[in-house]
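Chemist: quick one, structure for this:
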Amino acid sequence: MTVSELTGDALARACAEAMLSRDRASQALGMALDDARPGWARVSLTIGEAMVNGHAIAHGGVTFTLADSAFAFACNSRNEPNVALQASISYVAAARLGDVLVAEAQERSSKGRTGVYDVTVTCGDELVALFRGVCYRVKGTVLEGATT
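Modeler: Okay, here's the model as predicted:
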């Protein structure tokens with residue numbers, strides 16, 4: 001199947017998988033792409049020994065990176081490349097060694113060349129963080145020259 005034949009969920013998944021295959025930071029942290037749909041993505045990560053800070057809780061940068069990766073996969077889900085323009089996070093609860101964090105990104109707005117995405121980071125039923133990202137569309141495609 002060629003890229004031009006992909007639509008909807010299949011296109012979103014192909015874009016997210018391509019992004020993850022080139023994303024050395026997400027790979028190094030052991031992130032898993034759980035699912036992707038147009039304007040939406042879910043990514044998970046288990047907090048390992050090298051991810052805790054001096055308080056023995058998950059380093060905020062790790063939580064931010066997880067949310068940022070989910071944001072990236074969601075905002076690039078239509079084969080239109082986007083880069084982060086702005087992002088912020090509010091930490092609600094601490095995560096600990098061995099916890100599995102799940103970041104779920106959802107498109108809130110996409111107009112012109114910008115989009116707004118909200119990401120929730122949870123551990124089980126507990127909310128860990130709220131992230132908001134604004135993206136900016138750039139030239140090209142996510143799946144340039146790729147075939148599935």
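Chemist: low pLDDT regions in this protein?
Modeler: For the chain, the stretches with pLDDT under 70 are 1, 145-148.
Chemist: and the most centrally placed residue in it, what element?
Modeler: When Cα atoms, centre = their mean is applied to the chain, the residue found nearest the centroid is Ala70 (1.0 Å). Here Ala70, judged by DSSP states H and E, is contained in helix 60-75.
Chemist: contacts for the helix or strand that that helix is followed by, please.
Modeler: Once the chain leaves helix 60-75, the next helix or strand it forms, by DSSP H and E, is strand 82-91. Strand 82-91 is contacted from outside by 60, 63-64, 67-68, 71-72, 75-76, 114-115, 128-138, using Cβ atoms under 8 Å, 6 or more residues apart in numbering. All C-beta spots, glycine's among them, are computed from the backbone N, C-alpha and C.
Chemist: that older thread, the helix holding Ala70 to strand 82-91, inter-axis angle?
Modeler: If you take axes from the mean of the first three to the mean of the last three Cα atoms, to 10 degrees, helix 60-75 sits at 140 degrees to strand 82-91.
Chemist: buried residues in helix 60-75, which are they?
Modeler: 62-75 (16 or more other Cβ atoms under 10 Å).
Chemist: who are the neighbours of that helix, in terms of helices and strands?
Modeler: Here helix 60-75 is seen to pack against helix 8-22, helix 24-29, strand 32-37, strand 40-46, strand 82-91, strand 100-111, strand 114-123, strand 126-137 when contacts are counted using 3 or more Cβ pairs under 8 Å, 6 or more residues apart in numbering; DSSP states H and E.
Chemist: in CSV, list these along with mean neighbour count and distance to Val52.
Modeler: Putting these into CSV (neighbours: other Cβ atoms under 10 Å; distance: least, Cβ to Cβ, whole Å) gives the following:
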stretch, mean neighbour count, distance to Val52
helix 8-22, 19, 24
helix 24-29, 13, 13
strand 32-37, 18, 20
strand 40-46, 23, 12
strand 82-91, 14, 14
strand 100-111, 18, 13
strand 114-123, 21, 14
strand 126-137, 19, 14
